[in-house]
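# I'd like to go over a predicted model; first the sequence, then the structure.
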Amino acid sequence: MERWIIGECNSEGDGVSLYQFAGTAEQVKNEIVRMVISGKDEEDYEYGSEEIRQISTQPDGSLYGYANYSAYHIDYTAKKLSDIEEIRPDDSLQEYNDSERKEVITRLVVNHMEDEKMLQMMSARELQEVCRYYGEEM
């Protein structure tokens, strides 16, 4: 049994709804079908993933289903929690080599130094890199 995250995105709305699910890939497919069917607005519904065979497996291993309505659509994507990349804020610049890091930092400074919210979102390590690059120790 695996842990999954199921994302539901409505083209008419804002954001993505996320759900946790524990089960096999087959059980996740059943859950997506259930979500499509239970969420149907019969008046505007046109077609969608109403059978397990209509749930596709994507190249990255995620599972995909959908519901199309006359004026909008809803996408459902399930991905194993173990396949979701972990983001570590303090390591966000570590993946770059020195010249790439300088380019990223320069873009951050040029585009966002006036943006207080962006500065608050930057990790301590990123701020240190910016200061080190521009010659000001923290």
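Nice, thanks for sending it over.

# for the chain, what spans make up the helices?
Residue ranges of the helices in the chain, as given by DSSP state H, are 25-38, 98-112, 116-121, 124-133.

# any idea how far Asp41 is from Glu26?
Distance, Asp41 to Glu26, by Cβ to Cβ, to the nearest Å: 27 Å. Where you see a C-beta, it was placed from the backbone N, CA and C, and this is true even at glycine.

# mean pLDDT lowest for which of the helices of the chain?
Comparing those by mean pLDDT, the weakest confidence falls on helix 116-121, with a mean of 55.

# my read: Lys80 touches Glu2, true?
Yes - with the criterion set as Cβ atoms under 8 Å, Lys80 and Glu2 qualify as a contacting pair; they are 5.2 Å apart.

# Ser62: neighbour count?
Other residues near Ser62 number 19, with proximity taken as other Cβ atoms under 10 Å.

# list the contacts of Asp60.
Contacts for Asp60 were tallied using Cβ atoms under 8 Å, 6 or more residues apart in numbering; they are Lys79, Asp83.

# torsion angles phi and psi at it?
In terms of degrees, to the nearest 10, the main-chain angles of Asp60 are phi -90, psi 10.

# what about it, distance to Val16?
Using Cβ to Cβ, one obtains 17 Å as the distance from Asp60 to Val16.
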